[in-house]
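A.B. asks: sharing a sequence plus its predicted fold:
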There are 2 protein chains.
Amino acid sequence: MKSGRRAFLETFTKVAGSSVLIGSQLLTAIPVLGEVRGSMTVGEVIDLILKTIPGAPFSKTVDTLKSGSAGQPVTGIVSTMFATVEVIEKAVKLGANFIIAHEPTFYNHADETAWLENDAVFQYKKALLDKHKIAVWRFHDYWHTHQPDGVQMGVLTSLGWEKYYDEKNPAVVTLPGVSLKNLTTHVKEKLGIATMRVVGDLAQPCKRILLMPGASGGRNQIGAIIREKPDVLICGEVSEWETAEYVRDARRKGDKLSLIVMGHSPSEEPGMKWLESWLQPRVPGIKVSHVESGSPFLFV
Amino acid sequence: MKSGRRAFLETFTKVAGSSVLIGSQLLTAIPVLGEVRGSMTVGEVIDLILKTIPGAPFSKTVDTLKSGSAGQPVTGIVSTMFATVEVIEKAVKLGANFIIAHEPTFYNHADETAWLENDAVFQYKKALLDKHKIAVWRFHDYWHTHQPDGVQMGVLTSLGWEKYYDEKNPAVVTLPGVSLKNLTTHVKEKLGIATMRVVGDLAQPCKRILLMPGASGGRNQIGAIIREKPDVLICGEVSEWETAEYVRDARRKGDKLSLIVMGHSPSEEPGMKWLESWLQPRVPGIKVSHVESGSPFLFV
């Protein structure tokens, strides 16, 4: 069976480079630079992206340059979840000096580095970035604010759920009906996940899905469960004392509610893959490559 | 082989009810109430515990009553990680009306409930507590402040590592040397954990262990790695964008550093088991029972 994601990409490829509208939600018209250029600066690429984001630029955002400068000419772009040391090495091999990463580079949400200045791991990563003159820009708040949310669309299309999601609220997906067990198998296969954490009864029927990739926090996740009353919340990451315990208590009360925790990196990676196809036609002459940072975890 | 935990408990049992000092760290002298009493109030039990905690009572702490009142007579005490609906049901069956839980009752660190007031799960749990007049007190900040940290000692003894930890810094354990694979097997067996998440090479030799049960936060965990330079950090829970990514980058740099994530609830449960044996001789006439809340997760 052709996956929804692949079908979408083929459709997309046919019209890439021109203005395109697929469905009412999937893509908005693509403004391209008036001319095909071999070079743009990091700042020009960021500005081009921000023009598509409602309310941008934000006065408060974590989406800042973590390395490099806005003025440097871009030799190639890599999109990824985490600009890990390995992803940086791969960018170098690809001849790309601009990494657009969804998550932090330096192990904390605000990418504060003062506390790490004497640390050998931080120094090694920073030296690697400096040596190869790699710019890293975080694209988190803006990508989630894009209409539609770029991460959500990437995940929905990777899961082949384009037909099933609520256009007014893309976090809600209504499936024809599937057991929790089969749902986990589907998610693992489509997103390439080895093992997931689950709270629930694998035989439970699931129809109404609440899909929240990433780690949106206990109050957001629980609030959405209360509001949307799903059969299952599929998310990227939880604080165990928050969402997992809420679901456990709801189940003991008798609610038909389950939880799938995909892992943070694989849960949002399709959104950075989606960025590759979204951004490429906007920057003709610059190669955009998605590099998967992948999950760091073994399950033992 | 007799586990360190069991050996410790036997030693403890022999002297329970009188002042006792095992080693220089393991236990401080136990002050018991002057008389054997059949009944104490919740507030009296809390006061008795707080007398053993340096600096208590704290002006700011999450260790407050989540249910019930200080004035109610205690019929029995249950110690646990999470006062889940199931643990509350078990307390009722045991005839115990006072639950001492290490973690929140209402799915957020401060146990704020205004946002949950119209939620059926919250209402169900609150009604269950009210119906059976169960007091729930959180014992988190104080238990970690106890000298030695009650959670740390419970986990160390459960793991049979009494001989190996640094008395001045019980987070650091020096083992004779073991592969990461064998270390995971040991931890799983001793703490009853089905599956753990690991970042690392299972063949890596591990000697210097940094043992941090619970979820102490990325900056604390990474800061401790930088300071203590362990072969492996064993913790309860991580934010994936923090500690897991730091360890991944350190490994790519070439550091021999691994990470074991035990799961929050099983990682600290031995500390609440340890509370049972610590508290029982201090409250003669009241039965103290440890009830394991267990992990909510399946691994699929």
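C.D. replies: That came through fine.
A.B. asks: pretty sure A:Gly58 sits against A:Asp141.
C.D. replies: Just to correct that, residue A:58 is Phe rather than Gly. Yes. Using CB atoms under 8 Å, A:Phe58 makes contact with A:Asp141 at a distance of 6.3 Å. Yep, even glycine has a C-beta here, placed from its N, CA and C like the rest.
A.B. asks: phi and psi next, for the closest residue to A:Thr52 other than its chain neighbours.
C.D. replies: The spatial neighbour of A:Thr52 that comes closest, neighbours along the chain excluded (CB to CB, 6 or more residues apart in numbering or on different chains), is A:His146 at 6.4 Å. With angles defined as degrees, to the nearest 10, A:His146 sits at phi -50, psi 150.
A.B. asks: distance of the residue of the stretch 1-150 of chain A found nearest chain B relative to B:Arg251?
C.D. replies: When scored by CB to the nearest CB, the stretch 1-150 of chain A has A:Val85 as its residue closest to chain B, at 4.0 Å. Plainly put, A:Val85 is 9 Å away from B:Arg251 if you go by CB to CB, to the nearest Å.
A.B. asks: same question for A:Val291.
C.D. replies: 18 Å.
A.B. asks: so those two - more neighbours on which side?
C.D. replies: A:Val291 (26 against 22; other CB atoms under 10 Å in any protein chain shown).
A.B. asks: correct me, but that one touches A:Ser79?
C.D. replies: Yes. Between A:Val291 and A:Ser79 there is a contact under CB under 8 Å: 7.4 Å.
A.B. asks: show me what contacts A:Trp41?
C.D. replies: Small correction: residue A:41 is Thr, not Trp. A:Ala70, A:Gly71, A:Gln72, A:Pro73, A:Val74 (CB atoms under 8 Å, 6 or more residues apart in numbering or on different chains).
A.B. asks: just the buried ones from those, in PyMOL syntax?
C.D. replies: Per 16 or more other CB atoms under 10 Å in any protein chain shown, the buried members of those correspond to this PyMOL selection:
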select buried, chain A and resi 74
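A.B. asks: is the helix or strand where A:Leu210 lies positioned near chain B?
C.D. replies: Here A:Leu210 sits within strand A:205-212, counting by DSSP states H and E. No. Strand A:205-212 does not reach chain B (CB under 8 Å from any CB of the partner chain); its nearest approach is 13.3 Å.
A.B. asks: list the contacts for the residue nearest to A:Thr52?
C.D. replies: A:Thr52, A:Ile53, A:Pro54.
A.B. asks: select the longest strand from chain A.
C.D. replies: strand A:169-179 (DSSP state E).
A.B. asks: who does that one pair up with?
C.D. replies: Partner strands for strand A:169-179, per DSSP bridges, with pairing direction: strand A:165-166 (antiparallel), strand A:205-212 (antiparallel).
A.B. asks: packing partners of the next helix or strand after it?
C.D. replies: Downstream of strand A:169-179, the next assigned helix or strand under DSSP H and E is helix A:180-191. Judged by 3 or more CB pairs under 8 Å, 6 or more residues apart in numbering or on different chains; DSSP states H and E, the packing partners of helix A:180-191 are helix A:150-158, strand A:205-212, strand A:232-235, strand A:258-261, helix A:264-279.
A.B. asks: about what we covered before: quick one: the strand holding A:Leu210 to helix A:150-158, angle?
C.D. replies: 150 degrees (axes from the mean of the first three to the mean of the last three CA atoms, to 10 degrees).
A.B. asks: report the next helix or strand after strand A:205-212 in sequence order.
C.D. replies: Strand A:205-212 is succeeded, C-terminally, by helix A:218-228 (DSSP H and E).
A.B. asks: still on that earlier bit, residues touching the residue of the stretch 1-150 of chain A closest to chain B, list them.
C.D. replies: With CB under 8 Å, 6+ apart, A:Val85 has these contacts: A:Tyr124, A:Lys125, A:Leu128, B:Arg248, B:Asp249, B:Arg252, B:Lys253.
A.B. asks: out of those, what pair is the most spread apart?
C.D. replies: By the measure CB to CB, A:Leu128 and B:Arg248 form the most distant pair in those, at 14.1 Å.
A.B. asks: neighbour count: these two, which is higher?
C.D. replies: Legend: neighbour count by other CB under 10 Å for A:Leu128 and B:Arg248, higher for B:Arg248 (27 against 18).
A.B. asks: quick one, phi/psi of A:Asp63?
C.D. replies: Dihedral angles (degrees, to the nearest 10) for A:Asp63: phi -80, psi 80.
A.B. asks: which SSE is A:Asp130 in?
C.D. replies: Assigned by DSSP H and E, A:Asp130 falls in helix A:120-131.
A.B. asks: quickly check: the next helix or strand after that helix near chain B or not.
C.D. replies: Using DSSP H and E, the helix or strand that follows helix A:120-131 in sequence is strand A:135-138. No. Counting by CB under 8 Å from any CB, chain B has no neighbours in strand A:135-138; the shortest distance is 11.0 Å.
A.B. asks: where in chain A is pLDDT low?
C.D. replies: A:1-38 (pLDDT under 70).
A.B. asks: at 90 what do you get?
C.D. replies: Under the criterion pLDDT under 90, the flagged ranges of chain A are A:1-39.
A.B. asks: okay, now the domains of it?
C.D. replies: A:4-147+A:269-290, A:150-262 (automatic domain parsing).
A.B. asks: please identify the most buried of these.
C.D. replies: Ranked by mean neighbour count, the domains of chain A are led by domain A:150-262 with a mean of 20 (mean count of other CB atoms under 10 Å in any protein chain shown).
A.B. asks: now that one, how far from the chain's geometric center?
C.D. replies: 16 Å (CA atoms, centre = their mean, to the nearest Å).
A.B. asks: do stretch A:57-66 as well
C.D. replies: With CA atoms, centre = their mean, you get 17 Å for stretch A:57-66.
A.B. asks: same deal with stretch A:79-92?
C.D. replies: 15 Å.
A.B. asks: now swap in stretch A:269-283 and tell me
C.D. replies: For stretch A:269-283, the distance to the chain centre is 10 Å (CA atoms, centre = their mean).
A.B. asks: same question, stretch A:136-143
C.D. replies: Worked out by CA atoms, centre = their mean, stretch A:136-143 lies 10 Å from the chain centre.
A.B. asks: what does stretch A:106-113 give?
C.D. replies: The answer for stretch A:106-113 is 18 Å, by CA atoms, centre = their mean.
A.B. asks: and it, C-alpha only, in PDB?
C.D. replies: In PDB, the C-alpha atoms belonging to stretch A:106-113 read as follows (Å, rounded to 0.1, in the frame of the first residue of the first chain):
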ATOM      1  CA  PHE A 106      22.900  22.800  24.300                       C
ATOM      2  CA  TYR A 107      20.700  20.600  26.500                       C
ATOM      3  CA  ASN A 108      18.300  23.200  27.900                       C
ATOM      4  CA  HIS A 109      15.200  24.900  26.500                       C
ATOM      5  CA  ALA A 110      16.700  28.400  26.300                       C
ATOM      6  CA  ASP A 111      20.100  27.100  25.100                       C
ATOM      7  CA  GLU A 112      21.800  29.000  28.000                       C
ATOM      8  CA  THR A 113      25.500  28.100  27.900                       C
END
